[in-house]
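# Here is the input, now give the coordinates:
(chains A, B, C and D)
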Number of protein chains: 2
Amino acid sequence: MTDILTLVYQNGGFDEQEMVQIKNAHYAVRFKKGENILSFGGISDGYYIVKEGILRSYVIDFNQEEMTTEFYCQGDIVIEVVSLFQQKSSESCIQALSEVVLYKIPFPVFQQLFLSLKGFSDWGRNWMTEELFKLKQRHIHMITQTAAERYLKLGEEKPDIIQKAPLKHIASHLGIKNTSLSRLRRDSIKKR
Amino acid sequence: MTDILTLVYQNGGFDEQEMVQIKNAHYAVRFKKGENILSFGGISDGYYIVKEGILRSYVIDFNQEEMTTEFYCQGDIVIEVVSLFQQKSSESCIQALSEVVLYKIPFPVFQQLFLSLKGFSDWGRNWMTEELFKLKQRHIHMITQTAAERYLKLGEEKPDIIQKAPLKHIASHLGIKNTSLSRLRRDSIKKR
DNA sequence: ATCTAAACTTGACTTATGTCAATTGCAAAT
DNA sequence: ATTTGCAATTGACATAAGTCAAGTTTAGAT
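The predicted structure is shown next:
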């Protein structure tokens, strides 16, 4: 069975035994649509990987409006980095947008893996390196591409989100207003 | 003497002996205005901290235009994360915008410190955690604030840059065109 | 000190996206 | 099945920022 966890860890350079040890640290947890995996002010209790369903992370911006900072689909790693690594209270909220099944590693176990498996902390650093790269890329896209282009890109990368997530969350993630996204969708359908 | 390095490492939780070991790994290097610390396609040869002068990191975007992704001032850490940690060729270029003096740790020594000092790799992870946080905040600002507000913010955080960096670099960093920044400056002066 | 190329400024006009307000659609709860 | 409230759509208009093209200024090179 080529399961989600195998896919997630396959390029981490782990040997057979480490792979088993890491996989065994996870267990499945379920959340209902609308439930929070992590709430504002809460402290991250662990590390999650999406088995089924979709989620989002959001913040309240300067105008007191929700802004969706990230969507998560199957195989995505769900972390609030600052809250997990520094065990500080979270400034963002992670919420299930559908029924979800996640694989969880509770924080103490996660920390233990970090200390005991050299390869796991290397893997973590590489993950962070890639996240930094992706955030920089996103910033570049935000500046150089139109909202329509960003919408299409999201559609290619996370088709599930375009189909299943509420319009208003997609809009705030793209950095535009609901009304603009609504028009955008209408106009791009017309063109076909 | 409260030097730059002391300021940079003071909250890293290092003991006296570690602090000495880390500081001794640095040595000063100079670059002239316009020189590259790291070029497109090059591999990062080390880790730098700004002693004097200003620098920028930039990329070539989809429209074949330069876009300044970061400015560096005194005390800032100058890293191209992917190229340093993964020793891959760089997609961005780091350039001196004035005569600069940097403290350098060459890559092999940096790597050695990472392996030999537990505290140093922890410090590195915390640095990355903060960078991720800052990039997320920047993204939020980019979406929710006007160019004028972002300009003022840059002025508070890096007054040196506003005063010394060329307008076009500041504009591309703010995500607007030179012409718009020029007008913006004119108008904000008028208001006073 | 002079020249030259690049950087900056400005005007006139265009375009993308926002704002506000009125409907309409839809899904959860009773 | 009906109600209720949030989500989405749409129109009319406002605004921030872009585009293009013409000048002007400035910093380096000679």
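
# I'd say residue A:125 and residue B:127 touch.
No - using C-beta atoms under 8 Å, residue A:125 makes no contact with residue B:127, being 11.1 Å away. To be clear about C-beta, it is placed using only N, CA and C from the backbone, and glycine gets the same treatment.

# Got phi/psi on the residue positioned nearest the centre of chain A?
Centroid check for chain A by C-alpha atoms, centre = their mean gives residue A:72 as the closest residue, at 3.8 Å. Per-residue torsions, residue A:72: phi -120, psi 130 (degrees, to the nearest 10).

# Equivalent analysis for the one 5 residues further on, please.
Reported as degrees, to the nearest 10, the phi and psi values for residue A:77 are phi -90, psi 130.

# residues in contact with it?
A:8, A:47, A:48, A:49, A:127 (C-beta atoms under 8 Å, 6 or more residues apart in numbering or on different chains).

# check whether the one helix or strand the last one maps to contacts DNA strand D.
Counting by DSSP states H and E, the element that carries residue A:127 is helix A:118-144. No - counting by C-beta under 7 Å from any atom of the strand, no contacts exist between helix A:118-144 and DNA strand D, the nearest distance being 7.9 Å.

# Buried residues of that helix, list them for me.
A:119-121, A:123-126, A:128-129, A:131-132, A:135-136, A:138-144 (16 or more other C-beta atoms under 10 Å in any protein chain shown).

# ok, is whatever helix or strand comes next after that helix in contact with chain B or not?
Toward the C-terminus, helix A:118-144 is succeeded by helix A:147-157 as the next helix or strand (DSSP H and E). No - counting by C-beta under 8 Å from any C-beta of the partner chain, chain B has no neighbours in helix A:147-157; the shortest distance is 9.2 Å.

# Stretch A:8-25 too?
No - using C-beta under 8 Å from any C-beta, stretch A:8-25 stays clear of chain B, coming no nearer than 12.5 Å.

# How far does that stretch stretch from one end to the other?
Chord length of stretch A:8-25, first to last residue, is 14 Å (C-alpha to C-alpha, to the nearest Å).

# Please apply the same query to stretch A:73-93.
16 Å.

# how far away is the residue nearest to the centre of chain A from residue A:13?
For residue A:72, the distance to residue A:13 (C-beta to C-beta, to the nearest Å) stands at 24 Å.

# buried ones in stretch A:47-56?
Of the residues in stretch A:47-56, A:47, A:48, A:49, A:50, A:51, A:53, A:54, A:55, A:56 count as buried by neighbour count, 16+ other C-beta under 10 Å.

# Residues contacting that stretch, please?
Applying C-beta under 8 Å, 6+ apart, the contact partners of stretch A:47-56 are A:4-5, A:8, A:26, A:28-29, A:37, A:68, A:70-79, A:84, A:94-105, A:107, A:110, A:160-161, A:164-165, A:169, A:173.

# go on, stretch A:107-127?
Contacts to stretch A:107-127, defined as C-beta under 8 Å, 6+ apart, come from residues A:9, A:12-14, A:18, A:21-22, A:25, A:44-47, A:77, A:84, A:87, A:105, B:85-86, B:121, B:124-125, B:128.

# Out of the contacts of residue A:77, which is nearest to DNA strand C?
Of all the contacts of residue A:77, DNA strand C sits closest to residue A:48, with 23.4 Å by C-beta to the nearest atom of the strand.

# can you map out the helices along chain A?
Ranges of helices in chain A, per DSSP state H, are A:4-9, A:16-24, A:81-86, A:107-116, A:118-144, A:147-157, A:159-164, A:167-174, A:178-191.

# I'd assumed residue B:132 was in contact with residue A:131.
Yes - here residue A:131 reaches residue B:132: they are 6.0 Å apart, a contact under C-beta under 8 Å.

# So which residues on chain A come close to DNA strand C?
Going by C-beta under 7 Å from any atom of the strand, the residues of chain A near DNA strand C are A:146, A:147, A:148, A:175, A:176, A:177, A:179, A:180, A:184.

# State the distance from the fifth one to residue B:158.
Going back to what we said before, that points to residue A:176. For residue A:176, the distance to residue B:158 - C-beta to C-beta - is 29 Å.
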